[in-house]
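Visitor: Below are the sequence and a predicted model for it; my questions follow.
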Amino acid sequence: MTDTFTAFAGQRRLASGPMTEVALAVKRTQARGGDPIIIFTDATGRPIDFDLRGDEREVTARLAKLAPPPSAEATKPPTEPRGRGRPKLGVVAREVTLLPRHWEWLNAQPGGASVALRKLVDDARRLSGDKDRERQARDAAYHFMSTMAGNLANFEEASRALFADDRRRFVGLIADWPTDIRDHVVKLATSDRA
């Protein structure tokens, strides 16, 4: 869900999908007037703004600059002098501050500090991957429902059930919410199980 967006016009889901598709649906709907429209990024559940000025071609061109396709990035000639790291692999040099004993241990590892740090991070991601996905799904659902359902009945209790991972109680508490809002909250909250 990291590359999908959802737009709501009032309490009604207007569009859901890739950035350009949702932005153009919003632009067309805004031209007709009506309820205020909010666009959310599904990865975080937070509202996001798109620059929808101009015609559809101009909007599409602006959005393409925000998220160019990966193949286009690989074919671009470098605009800056080559720096440290391995840019073709996505390696970026950054500063890490550690105590001397940490540096000693890292430097004593096969392959040196960089290899050891990459292995540690990969192991941590592997071990906590399910918990990280669960936390991200819960947080996205909470951010969305705070914006769209903060004034609806049972919001506080539903929030508690969401954070307690009591999914049955959570779904029961939001059952009477507007259909599109309820369905989207459930979609976000369960995205870790998809």
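Guide: Looks like it came in fine. Numbering: from 1, shown residues only.
Visitor: Run through the strands of this structure in chain order.
Guide: For the chain, applying DSSP state E gives strands covering 5-9, 12-17, 37-41, 46-48.
Visitor: How many residues are close by the closest residue to residue 154 other than its chain neighbours?
Guide: Closest residue to residue 154 apart from its sequence neighbours, by Cβ to Cβ, 6 or more residues apart in numbering: residue 173 at 4.3 Å. The way it works is simple: take the backbone N, C-alpha and C, and place the C-beta from them, glycine included. Neighbour count for residue 173, taken as other Cβ atoms under 10 Å: 21.
Visitor: check contacts around residue 173.
Guide: For residue 173, the contacting residues are 154, 157-158, 161, by Cβ atoms under 8 Å, 6 or more residues apart in numbering.
Visitor: ok, now residue 4?
Guide: 16-18, 41-43.
Visitor: returning to what we had before: just send the strands of the chain back as JSON lines, with mean neighbour count too.
Guide: Putting the strands of the chain into JSON lines (neighbours: other Cβ atoms under 10 Å) gives the following:
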{"stretch": "strand 5-9", "mean neighbour count": "22"}
{"stretch": "strand 12-17", "mean neighbour count": "17"}
{"stretch": "strand 37-41", "mean neighbour count": "20"}
{"stretch": "strand 46-48", "mean neighbour count": "14"}
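Visitor: Tabulate the ones you listed (TSV), appending mean pLDDT and distance to residue 138.
Guide: Output for the strands of the chain, formatted as TSV (pLDDT from 0 to 100; distance: least, Cβ to Cβ, whole Å):
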stretch	mean pLDDT	distance to residue 138
strand 5-9	95	17
strand 12-17	95	20
strand 37-41	95	15
strand 46-48	94	14
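Visitor: what about the residue nearest to residue 154, distance to residue 107?
Guide: Applying Cβ to Cβ, to the nearest Å, the value for residue 173 to residue 107 is 53 Å.
Visitor: before we move on, what about residue 36?
Guide: Distance from residue 36 to residue 107, counting by Cβ to Cβ: 56 Å.
Visitor: Next: residue 130.
Guide: With Cβ to Cβ as the criterion, residue 130 and residue 107 are 32 Å apart.
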